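Novice: just need the structure, nothing else, for what follows:
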Amino acid sequence: MLIAKEDFDSLVGRSALADGVDRRGFIKTALGTGFAAAVLPVAAQNVIRTDTTGLSAGETSINVGGQQVPLYYARPEGKKNVPVVLVISEIFGVHEHIADVARRFAKLGYLALAPDLFERQGDPTKYTSIPELMKEIIARTPDAQVMGDLDACVAWAKANGGDTSKLGITGFCWGGRITWLYSAHNPAVRAGVAWYGRLVGDKTELTPRHPVDIAASLKTPVLGLYAGKDAGIPLDSVEKMKAELAKGSSKSEFIVFPNAGHAFHADYRPSYVAADAEEGWKRCVEWFRRHLEA
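Specialist: Numbers count the residues shown, from 1 in each chain. Purely as a prediction, here's the structure:
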């Protein structure tokens, strides 16, 4: 069943609103609720919903140079010194699916943190057009800003019961690219899992490097989960990344799902491929257990 934009709010509980509006005048919804306007209608029959039984989960914020950055967190209730996983969203921000992924990690014993990395640029969930979203939000978000916000997330985790000596990061699409970059940026990261993140691209002032540029010097093992039918990330870019990784010592690996396309893990979108999503999640969990919990 597909749920149209005008019907979706009442069905998934998007009534909880944060006070205030963003810089474009959009009413701000609670972090981790609903879905971005650009991806509606939602394939509701596939949406996975992980409950909060046994968890402490919700929204907080962290101060980064005077800027309050919203943060969705989920953790096993009452436990401390647990491994930490940063969960990095697609271009659509921290919506219901990303919050659910954080809760899935929390159910496995992790402190999972999903920061709103677009807070300074605006609210990506409100844009109905992906090209406009790319122009107004994504193209204006500097990699350096993102790296600093993630550093602040790690500091917050350390101060709030997370064991940052067991630090991992995972991300989807835009967040997959960030996963590669942050794994190179922060030597404390012990493992990463990048879901179909772009590997090559044009260098700009705000995006001066791409994963292929840091591959040879990367020390952290990153598992790349990619799709054989991804029109936006051709397999030749995967091969270029593999060649650069082979020059280094990170022991990163790729798994390519030959019959899947982009966003095959996104259970709320038509691109979802249940079998590959489940296998990818299994490989992701195994990767973190091997590198974070050993």
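
Novice: quick one: neighbours of A231, just the number.
Specialist: 8 (other CB atoms under 10 Å). From N, CA and C alone the C-beta is placed, and that goes for glycine too.

Novice: which residues sit in contact with it?
Specialist: Taking CB atoms under 8 Å, 6 or more residues apart in numbering as the criterion, A231 is in contact with 261-262.

Novice: measure it to A260 for me?
Specialist: From A231 over to A260 the distance is 12 Å, taken as CB to CB, to the nearest Å.

Novice: touching, V285 and G109? I think so.
Specialist: No. Between V285 and G109 there is no contact under CB atoms under 8 Å: 10.7 Å.

Novice: which neighbours do these two share?
Specialist: By CB under 8 Å, 6+ apart, V285 and G109 have no common neighbours.

Novice: what segments of the stretch 51-200 of the chain are helices?
Specialist: With DSSP state H, counting those that start in this stretch, the ranges of helices along the stretch 51-200 of the chain come out as 96-107, 130-136, 143-159, 174-185.

Novice: for the second one, list every residue counted as buried.
Specialist: In other words, helix 130-136. 133-134, 136 (16 or more other CB atoms under 10 Å).

Novice: what of stretch 253-270?
Specialist: 254, 257, 260-269.

Novice: kindly report the same for stretch 44-58.
Specialist: Across stretch 44-58, burial judged by 16+ other CB under 10 Å covers 44, 47-48, 50, 55, 57.

Novice: now the residues you listed in CSV, with pLDDT and distance to L181?
Specialist: Formatted as CSV, the buried residues of stretch 44-58 follow (pLDDT from 0 to 100; distance: CB to CB, whole Å):
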residue, pLDDT, distance to L181
A44, 92, 33
V47, 97, 29
I48, 97, 28
T50, 98, 28
L55, 98, 29
A57, 97, 27
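
Novice: what's the farthest-apart pair in these?
Specialist: A44 and L55 (23.2 Å; CB to CB).

Novice: mind giving me the packing neighbours of the longest helix anywhere in the chain?
Specialist: In the chain, with assignment by DSSP state H, the single longest helix is helix 274-292. Judged by 3 or more CB pairs under 8 Å, 6 or more residues apart in numbering; DSSP states H and E, the packing partners of helix 274-292 are strand 82-88, strand 162-172, strand 189-195, strand 222-227, strand 253-257.

Novice: out of those, which gets nearest to T33?
Specialist: Among the helices and strands packed on helix 274-292, the nearest to T33 by CB to CB is strand 82-88 (15.5 Å).

Novice: quick one: strands adjacent to the closest one?
Specialist: strand 111-115 (parallel), strand 162-172 (parallel) (DSSP bridges).

Novice: any chance of these in TSV, with mean neighbour count and mean pLDDT too?
Specialist: Listed next are the strands paired with strand 82-88 as TSV, based on neighbours: other CB atoms under 10 Å; pLDDT from 0 to 100:
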stretch	mean neighbour count	mean pLDDT
strand 111-115	29	98
strand 162-172	23	98
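
Novice: any chance of TSV for the ones you listed, columns distance to H185?
Specialist: Shown next, in TSV, are these (distance: least, CB to CB, whole Å):
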stretch	distance to H185
strand 111-115	15
strand 162-172	10
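
Novice: ok, which of these comes nearest V94?
Specialist: Closest to V94 of the strands paired with strand 82-88, according to CB to CB: strand 111-115, at 4.9 Å.

Novice: for that closest one, which outside residues touch it?
Specialist: Contacts for strand 111-115 (CB under 8 Å, 6+ apart): 31-32, 62, 69-75, 82-89, 94, 98-99, 101-103, 105-106, 149-150, 153, 156-157, 160-162.

Novice: mark which of the residues you listed are buried, thanks.
Specialist: Looks like the contacts of strand 111-115 have 31-32, 62, 69-75, 82-89, 94, 98-99, 101-103, 105-106, 149-150, 153, 156-157, 161-162 buried, using 16+ other CB under 10 Å.

Novice: let me know the secondary structure of the residue located most distally from the centre of the chain.
Specialist: Centroid-distance maximum for the chain: K247 at 27.1 Å, with CA atoms, centre = their mean. Secondary structure, DSSP: H, G, I helix; E, B strand; the rest coil: K247 is coil.

Novice: find the nearest non-adjacent residue to it, please.
Specialist: A216 (4.1 Å; CB to CB, 6 or more residues apart in numbering).
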